[in-house]
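Peer 1: I would like to see how this sequence folds:
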Amino acid sequence: MGVKRRQRCMAWMMTGFIVITLAGCQSNPEKSIVREKNMDKMLTQAERKENTSSYKQVQKEVKKYETYQTQIKDKKMKVTVDVNAKVEVPKVNKLSVYRVSPLKIKQDFLNRVKKTLTPDIAYYEGDKADVRTKSVIAREISFCEKELKSAKTNDSDMVEEYEMELADLKKEYKNAPDSIKLTNYPAAASIQKISQLFKNNSHNTFYQWLHELHGNGDVFYGVSDAKDGNYHALFLQNSPNYGNCLRYSVNKTAYDSAVYHADVKNDIPMIVPVKGNETPNFYDGGKNVEKETKEETTTSVKCAENEKLTISEIDAEKKAMDLLGKLKLNDFACFDKGKYAQLLSADEAQNVYRNVWHFLYLRKLDDVFVNNQAGFKYTDGWQSGSYVQKMWGSEAIAICVNDSGVVNFHYLSPLEVKETVVEQSRIKPFKEVKETFEKMVVIANKSDSEEDLANGGVSVKVTDVCLVYTRISEKDSFDTGLIVPVWDFQGTIVDEYGYEKTGNILSINAIDGSVINQELGY
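Peer 2: You can find the predicted model right below:
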């Protein structure tokens, strides 16, 4: 399958891939170690005094752990854990418990984004920019014919696949329009009901896709005409099934199809840290790639000459903060920042990327970060006679800046704080939390099969331990959650195959000591 067709299918079918992935990676730890996850019991424990500590007591206790050091080796499970971390707690007077729900993005916020980021830009129906014309398909037919010819000589296993793809392309070519005049399709000024769009355009494949995924959700998708050389794309989604988001992107290469992905991840797709002067590798985040694959993916990558990055990080951050102020998003603070490479477009000949300053902002409550970066709530199964597939992503704001100004703004899974459930929560002593971590970290990282164990052991390195807020699920409700204090263990995991994952290793509820499964939401 050609690269462009693969990208289009990835954008439209990503949700299906997520279902498969998450269904295969959920596991239950041993009952003897994980405490019963009873939300009512947890809230009662947050308010009581016995068997718990006040937050001030915990603050005093962690002074013993300026450096928390230990090593765990489990030969049977082939897991080695090295802990060399400073234990940090917020310098606040209390930690609380809050009830939250997903926040629908309203028309006035969309208007504010347009006025702030693109005051002089006219928007047109975004799906029309993705209509495949005869000239586009003809290029893919030419490429596919070359690949088929090569396969007949060098790779007989691929012949049938290329023949099928070529037949599909030729069929598509017959019904494709010669051209699309984007300015004939001005975008509606307001957010639209997906059900109504589908009703009025039932043969439109884009609206069919939206309706299948989001049902009675809302959408706005507009693109500019790019006559000034800038491809603006603005997408808003309120979805009861896949979450709420607003994504804006502009570049000088092509419209960013990633803005209309159905799943609401916690950052910008296809973006990787820049390491010195190395050419970025977008495969597997640039890590742990076989030499041949890495050479293949990096040699075909070219930095866009018309996307400059000479602005300093300090000046770029000022632009990002100015944007947050104008959009009245004052409850967020910078959680992570740095120089990144972002993939803009890909075709059979060349991958094009740009360098940007990337800033990730998370909400702060009580001057404490609300951090759900390790995962998101997900359900997939039968409930009360109906099949339910829903996800609730991690709230975040991701902004990218280069010499052109703000080139990406992603407002993801916004929250609404409904009420304070517990004003001053009791907290488990860190000594107890530490004991749970040292037992659970081995079980959470053991291999699932004898075959995997035979490939080698798992290495875990813990470099940071901090007390933050995290959203967890509330009993019998997908649409509300609880913000609770959580001990977050951060570091690096290298699995039995040598693949590396950096970030959250384990999260433990600071109130009742239960281990949180970020993918399940509790």
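
Peer 1: pull the helix or strand with minimum mean pLDDT from this structure.
Peer 2: helix 3-23 (a mean of 33; mean pLDDT, DSSP states H and E).

Peer 1: Identify each buried residue in the helix or strand following it, please.
Peer 2: Moving toward the C-terminus from helix 3-23, the next helix or strand (DSSP states H and E) is helix 39-47. For helix 39-47, the neighbour count (16 or more other CB atoms under 10 Å) marks 39, 42-43, 45-46 as buried. Quick note: C-beta positions are derived from backbone N, CA and C, even for glycine.

Peer 1: residues contacting M391?
Peer 2: 18, 241-243, 263-264, 376-379 (CB atoms under 8 Å, 6 or more residues apart in numbering).

Peer 1: so which helix or strand takes in it?
Peer 2: In this structure, M391 sits in strand 386-392 according to DSSP H and E.

Peer 1: re the thing from before, quick one: which two of the contacts of M391 are the most distant?
Peer 2: V264 and T379 (14.9 Å; CB to CB).

Peer 1: okay, these two: which has more neighbours?
Peer 2: V264 (25 against 15; other CB atoms under 10 Å).

Peer 1: dump the residue contacts of K193.
Peer 2: K193 sits in contact with 216, 218, where contact means CB under 8 Å, 6+ apart.

Peer 1: mind redoing it with 7 Å?
Peer 2: D218 (CB atoms under 7 Å, 6 or more residues apart in numbering).

Peer 1: what are the bridge partners for it, then?
Peer 2: D218 (DSSP bridges).

Peer 1: where along the protein do the helices fall?
Peer 2: Assigned by DSSP state H, the helices in the chain fall at 3-23, 39-47, 55-61, 107-117, 134-154, 159-175, 194-200, 205-214, 291-299, 313-326, 430-445, 450-454.

Peer 1: Pull out the buried positions in the third one.
Peer 2: Within helix 55-61, the residues scored as buried using 16+ other CB under 10 Å are 55, 58-59, 61.

Peer 1: Counting neighbours, what do you get for H410?
Peer 2: Neighbours around H410, by other CB under 10 Å: 24.

Peer 1: Am I right that it is in contact with I268?
Peer 2: Yes: assessed by CB atoms under 7 Å, H410 is found in contact with I268 at 5.6 Å.

Peer 1: what do those two both touch?
Peer 2: A398.

Peer 1: Can you add distance to K170 and give the buried residues of helix 55-61 back as CSV?
Peer 2: Formatted as CSV, the buried residues of helix 55-61 follow (distance: CB to CB, whole Å):
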residue, distance to K170
Y55, 68
V58, 68
Q59, 70
E61, 71
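
Peer 1: which one among these gets closest to V433?
Peer 2: Nearest member of the buried residues of helix 55-61 to V433, counting by CB to CB, is V58, at 9.5 Å.

Peer 1: how much space is there between S425 and V484?
Peer 2: Using CB to CB, to the nearest Å, S425 is found at 8 Å from V484.

Peer 1: try W392
Peer 2: In terms of CB to CB, W392 sits 16 Å off from V484.

Peer 1: Give me the most central residue, the chain.
Peer 2: With distances taken as CA atoms, centre = their mean, K265 lies nearest the centre of the chain, 2.4 Å away.

Peer 1: quick one: pLDDT of that one?
Peer 2: pLDDT for K265: 85.

Peer 1: List the contacts of it.
Peer 2: G393 are the contacts of K265 under CB under 7 Å, 6+ apart.

Peer 1: Skipping its backbone neighbours, what lies nearest E163 in space?
Peer 2: Closest residue to E163 apart from its sequence neighbours, by CB to CB, 6 or more residues apart in numbering: L148 at 6.5 Å.

Peer 1: so the one you found sits right up against E161, yeah?
Peer 2: No: the criterion here is CB under 7 Å, and L148 misses it with E161 at 9.2 Å.

Peer 1: And those two? Which one has more around it.
Peer 2: L148 (17 against 14).

Peer 1: how far away is the closest residue to D267 other than its chain neighbours from L324?
Peer 2: Once flanking residues are discounted, D267 sits nearest to A398: 5.1 Å by CB to CB, 6+ apart. In this view, A398 and L324 are 12 Å apart by CB to CB.

Peer 1: Per-residue pLDDT of the residue with the largest distance to the centre of the chain, please?
Peer 2: In terms of distance from the mean C-alpha position of the chain, T153 ranks first, at 41.6 Å (CA atoms, centre = their mean). Listed pLDDT for T153 reads 89.

Peer 1: check contacts around A176.
Peer 2: Taking CB under 7 Å, 6+ apart, one finds 132-134, 137 in contact with A176.

Peer 1: Just the buried ones among these, please.
Peer 2: 132, 134, 137.

Peer 1: show me the contacts for the residue nearest to the last one when sequence neighbours are not counted.
Peer 2: Using CB to CB, 6+ apart and skipping residues adjacent in sequence, the residue nearest I137 is Y173, 4.6 Å away. Y173 sits next to 134, 137-138, 141 when contact means CB under 7 Å, 6+ apart.

Peer 1: Look up how far E163 lies from Y173.
Peer 2: Distance of Y173 to E163, computed by CB to CB: 16 Å.

Peer 1: Tell me how many other residues surround R139.
Peer 2: Neighbour count of R139, defined by other CB under 10 Å: 14.

Peer 1: make that E66, sorry
Peer 2: 9.

Peer 1: Tell me the pLDDT of it.
Peer 2: pLDDT, E66: 79.

Peer 1: Would you agree it is in contact with K86?
Peer 2: Yes: judged on CB under 7 Å, E66 makes contact with K86 at a distance of 6.3 Å.

Peer 1: hang on, the earlier thing: between A398 and L324, point out the one with more neighbours.
Peer 2: Each of A398 and L324 has its neighbours counted (other CB under 10 Å); A398 has more, 22 against 19.

Peer 1: returning to that earlier point: list the contacts of the residue nearest to E163.
Peer 2: Taking CB under 7 Å, 6+ apart, one finds 159, 162-163, 166 in contact with L148.

Peer 1: Who wins on neighbours among these?
Peer 2: Y162 (21 neighbours).

Peer 1: Quick check: closest non-adjacent residue to it.
Peer 2: L148 (4.0 Å).

Peer 1: How much space separates the one you found from P102?
Peer 2: 47 Å.

Peer 1: and if you look at V401?
Peer 2: Taking CB to CB, one finds V401 at 28 Å from P102.

Peer 1: ditto for A341
Peer 2: With CB to CB as the criterion, A341 and P102 are 31 Å apart.

Peer 1: which of these two has more neighbours?
Peer 2: Taking neighbours as other CB under 10 Å, A341 and P102 compare with A341 leading, 25 against 22.

Peer 1: and the two most separated of the contacts of L148?
Peer 2: V159 and L166 (10.5 Å).

Peer 1: which neighbours do E66 and K86 share?
Peer 2: Common neighbours of E66 and K86 (CB under 7 Å, 6+ apart) do not exist.

Peer 1: Am I right that L246 is in contact with I105?
Peer 2: Yes: using CB under 7 Å, L246 is in contact with I105, at 5.4 Å.

Peer 1: Give the residues shared as contacts by the two.
Peer 2: L236.

Peer 1: what's the lowest-pLDDT member of the buried residues of helix 39-47?
Peer 2: M39 (75).

Peer 1: What's the local residue count around the nearest residue to K446 once chain neighbours are set aside?
Peer 2: Nearest residue to K446, sequence neighbours excluded (CB to CB, 6+ apart): M77, at 4.0 Å. Neighbours of M77 under the rule other CB under 10 Å: 15.
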